[in-house]
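Engineer: 3D, please:
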Amino acid sequence: MRNWLQRLRYILSCFVIIWTFFLVQKPIFILCNAQRTYSVADFLDVMWHGASLDATTTGYLTIVPFLLTLVSVWWRGLPLRKVTTPYYAVMMLLVSLIFVADASLFSFWDSKLDKAVFVYIDSPKNAAASVSTGYILLRVLIILLLTAGTTWTLRRITPRRLDAIEGMTRRGLATLGSVLVGGLLFLVIRGGIRVSTANVGSVYYSNDQFLNLSAINPAFNLLASMEFGEKYEEEFDFFPEEQRASLMQGMYATADTATVSVLNTKRPNILFIFMESFGSTMIERQGGVKGVAPTLDRLANEGVFFSNLYANSFRTDRGTVCTYSAYPGLPTLSIMKVPNIARKLPNIAQSLGKAGYQTDFLYGGDINFTNMRGYLMAGGFQKLTSQDDFSLHDRNYSKWGVPDNITFKRLLEMLKEREGQKQPWFTAFLTLSSHEPFEVPFKKFEDKRLNAFAFTDDCIGKFIKEFRKSPQWDNTLIVLLPDHGIPYPKKGERFAPHFFRIPMIWTGGAVKGPMEVDRIANQTDLAATLLAQLGLPHGEFGFSRNVLDKSYTNEFAFYSFVNGFCYLDHTGVSVYDNAANHVFYKEGAAGDDARVKKGKAILQTLYDKVGELEIKN
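Structural biologist: All right, here's what the predicted structure looks like:
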């Protein structure tokens, strides 16, 4: 028992020392790079919020010592200190190098160290041209001192040797105990038992982007950035640049010179109800299943109904970026998961924040999933409310989190607190009950899917009924829009347009009256269309069109799925497989070749832009 406890004490000591080393890096990073004075509380907040990602990184680095202690249960006389010292030295040299490079380069790049650094390693002379020899030598000295100090400390707490545990029973128990410790270590590495795993965005907590970046573990950030493709601009290089530019000419061009006004005011309060998977296959008015969404059918008749709209992608992480940043979905990349790119995109919340709006986001699930927290905070949402802000009973009802009836109730409470507030607000709410496993406290259909969608529709109806009584109703625009569609029923080609068609409804007291907009459009067009109604600029949303302006005449929609895309316009539909290099679904007798070329040009342009954003400071 004593020998096993010695091993446990060693692993814990090793973990604590490395973890502490990461924690101490944060105030040093702030002191080296802050452009204003921060309080002690800010320093502590950064350390606190970054501690989880530091623990994850520490867990990875502790794997080797842990495995050695497990082997030593059966190995007679393992010279542990002799074996681990070289590992400590190499590990701490790399960690120290990353830390010093990150703290030093931030002032030049204004971003955390990521895989872009390897571009400059190929040309060290040019990379060092902006700094003096003394600047470099000082940092080399710091790296060596940090490496030596941490290696010495780790070596001191390491037993010289570990003797094998005698007796098969004791060995078996010690092995079992070690496996349990390994399980805990795995949970630390994973980031807990939630649906989401550890990711860079999970440490975001502040509206001050510098504090969020300070909380990120630089070693984790560097390794995470290497998960993604090398050169995005080369991934779908269909055409020479001149031909690509020619094909793209005028495709996303609209003006605000003749915009049809559908609102009573230029500064309404704005509520986005972002509906999980609620595609047109669930809307009777659009040919969907009868009786699933009577509320949405009624609201479509009462408000501004965009009846010919298509989602740009097929999952929530992509659909969120399509909606708020107006960046079409990509078939091989989720931009939300790449913090260095996602934070550089424009965002509706950011635009409204600059116009004086209070901005916040509500979601009853795990907001750390797919780096959502990081994306939203970087995009200008000033406050986030997620499952952590609900009781354990509420959030454990379903695997995905708090059911929609409870989150809609919280939404209503939040809005009531703002009655009498002069500052306009923008609130976005992502529903979740119409998502697998479709567990809802409601019974209308035997089919679990249909029942879950009917539940969300019922929740929307009850919310609208109550909110109409609020004095805020007359000055509020409510936008109902899905994140993506749903292939239901699963018959026919699952990438066909009717599965990507989605409703968008503008309702609320700020809307002048009923109107149907039947122009072909995408969910990415929401940004330009909404901001134009408010008289706000939207030029930075390069893939968004003001569909309520008379200048919008080039009607088309584009969406992507796993390594494929669709381009549709009044001539027909072309659904293209990039891997097989052919159209596998089409509608319309003519224009197929032209549609495919336009779709390829859009896809190539999107990846070119991502490549530019990746290297942009």
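
Engineer: quick one: least confident helix or strand in the chain?
Structural biologist: Least confident helix or strand, the chain: helix 124-127 with a mean of 51, by mean pLDDT, DSSP states H and E.

Engineer: which parts of the helix or strand that that helix is followed by are buried?
Structural biologist: Remark: after helix 124-127, the chain's next helix or strand is helix 133-156, criterion DSSP states H and E. Of the residues in helix 133-156, Arg139, Ile143, Leu146, Thr147, Thr150, Thr151, Thr153, Leu154 count as buried by neighbour count, 16 or more other Cβ atoms under 10 Å. C-betas here are computed from N, CA, C, even on glycine.

Engineer: any idea how far the fourth one lies from Arg155?
Structural biologist: Going back to what we said before, that points to Thr147. For Thr147, the distance to Arg155 (Cβ to Cβ, to the nearest Å) stands at 12 Å.

Engineer: and what of the second one?
Structural biologist: From Ile143 over to Arg155 the distance is 18 Å, taken as Cβ to Cβ.

Engineer: this structure: strands as residue ranges?
Structural biologist: Assigned by DSSP state E, the strands in the chain fall at 269-275, 304-310, 358-363, 383-385, 425-430, 476-482, 501-507, 515-517, 521-522, 556-561, 564-569, 572-577, 582-587.

Engineer: for the closest residue to Glu587 other than its chain neighbours, what are its contacts?
Structural biologist: Among residues not flanking Glu587 along the chain, Val573 sits closest, at 4.0 Å (Cβ to Cβ, 6 or more residues apart in numbering). By Cβ atoms under 8 Å, 6 or more residues apart in numbering, the residues touching Val573 are Ala496, Pro497, Cys566, Tyr567, Tyr585, Lys586, Glu587, Gly588, Arg595.

Engineer: so the fourth one touches Phe556, yeah?
Structural biologist: Okay, so that is Tyr567. Yes - counting by Cβ atoms under 8 Å, Phe556 is a contact partner of Tyr567 at 6.6 Å.

Engineer: overlap in contacts, these two.
Structural biologist: Shared contacts of Tyr567 and Phe556, counting by Cβ under 8 Å, 6+ apart, come down to Lys598.

Engineer: okay, those two: which has more neighbours?
Structural biologist: Each of Tyr567 and Phe556 has its neighbours counted (other Cβ atoms under 10 Å); Tyr567 has more, 26 against 20.

Engineer: okay, the residue lying closest to that one once chain neighbours are set aside: pLDDT?
Structural biologist: Distances taken as Cβ to Cβ, 6+ apart place Gly599 nearest to Tyr567, at 3.5 Å, with adjacent residues excluded. Gly599 carries a pLDDT value of 97.

Engineer: touching, Gly599 and Asp577? I think so.
Structural biologist: No - using Cβ under 8 Å, Gly599 is not in contact with Asp577; the gap is 11.6 Å.

Engineer: mind checking which of those two has more residues around it?
Structural biologist: Under the neighbour definition other Cβ under 10 Å, Gly599 and Asp577 were set side by side, and Gly599 has more, 25 against 17.

Engineer: dump the residue contacts of the more buried one.
Structural biologist: Phe558, Phe565, Cys566, Tyr567, Ser574, Tyr576.

Engineer: give me the distance from the biggest helix by length in the chain to the chain's centre.
Structural biologist: If you go by DSSP state H, the chain has its longest helix at helix 2-33. Here helix 2-33 is found 29 Å from its chain centre; the criterion is Cα atoms, centre = their mean, to the nearest Å.

Engineer: list the buried residues in it.
Structural biologist: Buried positions in helix 2-33, judged by neighbour count with 16+ other Cβ under 10 Å: 3-4, 7, 10-11, 13-15, 17-19, 21-23, 25-27, 29-30, 33.

Engineer: residues contacting the closest residue to Ala55 other than its chain neighbours?
Structural biologist: Ranked by Cβ to Cβ, 6+ apart and with sequence neighbours excluded, the top spatial neighbour of Ala55 is Val188, at 5.3 Å. By Cβ under 8 Å, 6+ apart, the contact list for Val188 reads Ala55, Thr56, Thr58, Gly59.

Engineer: Asp256: which of the buried residues of helix 133-156 is nearest?
Structural biologist: Nearest to Asp256 among the buried residues of helix 133-156 is Arg139, at 50.6 Å by Cβ to Cβ.

Engineer: next up, the contacts around that closest one.
Structural biologist: Arg139 sits next to Val100, Ser104 when contact means Cβ under 8 Å, 6+ apart.

Engineer: next one, pLDDT for Lys112 please.
Structural biologist: 82.

Engineer: I meant Asn3, not that one.
Structural biologist: Value for Asn3, per-residue pLDDT: 67.

Engineer: kindly report the same for Pro86.
Structural biologist: In this model, Pro86 is scored at 94, pLDDT.

Engineer: burial measure for it, as a count.
Structural biologist: By the criterion of other Cβ under 10 Å, Pro86 has 10 neighbours.

Engineer: how close does it get to Ser72?
Structural biologist: 17 Å.

Engineer: what segments of the stretch 51-200 of the chain are helices?
Structural biologist: Applying DSSP state H, counting those that start in this stretch to the stretch 51-200 of the chain gives helices spanning 63-72, 80-109, 117-121, 124-127, 133-156, 168-190.

Engineer: rank those helices by pLDDT, which is bottom?
Structural biologist: With a mean of 51, helix 124-127 has the lowest mean pLDDT of these.

Engineer: can you list the low-confidence ranges for the stretch 351-500 of the chain?
Structural biologist: By pLDDT under 70, the low-scoring segments of the stretch 351-500 of the chain are 492.

Engineer: ok so, going back, distance to Ala428 added to the helices of the stretch 51-200 of the chain, as a markdown table?
Structural biologist: Listed next are the helices of the stretch 51-200 of the chain as a markdown table, based on distance: least, Cβ to Cβ, whole Å:
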| stretch | distance to Ala428 |
| --- | --- |
| helix 63-72 | 40 |
| helix 80-109 | 30 |
| helix 117-121 | 35 |
| helix 124-127 | 41 |
| helix 133-156 | 43 |
| helix 168-190 | 28 |
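
Engineer: can I assume Ser334 is in contact with Thr316?
Structural biologist: No - if you go by Cβ under 8 Å, Ser334 and Thr316 don't touch, sitting 9.9 Å apart.

Engineer: out of the two, which sits in the busier spot?
Structural biologist: Ranked by neighbour count (other Cβ under 10 Å), Ser334 and Thr316 place Thr316 first, with 24 against 19.

Engineer: and the nearest residue to that one once chain neighbours are set aside, what does it touch?
Structural biologist: Leaving aside its sequence neighbours, Thr316 sits nearest to Asp483 (Cβ to Cβ, 6+ apart; 4.8 Å). Listed by Cβ under 8 Å, 6+ apart, the contact partners of Asp483 are Phe274, Met275, Glu276, Ser277, Ala311, Arg315, Thr316, Gly319, Thr320, Thr323, Leu430.

Engineer: what bridges to the second one?
Structural biologist: Under the criterion DSSP bridges, Met275 forms beta bridges with Pro482.

Engineer: look at it and report its pLDDT.
Structural biologist: We have a pLDDT of 98 for Met275.

Engineer: pull the contacting residues for it.
Structural biologist: Residues near Met275 by Cβ under 8 Å, 6+ apart: Thr431, Ser434, Thr456, Ile460, Leu480, Leu481, Pro482, Asp483.

Engineer: most neighbours out of the residues you listed, which is it?
Structural biologist: Neighbour counts for the contacts of Met275, by other Cβ under 10 Å, peak at Thr456, which reaches 30 neighbours.
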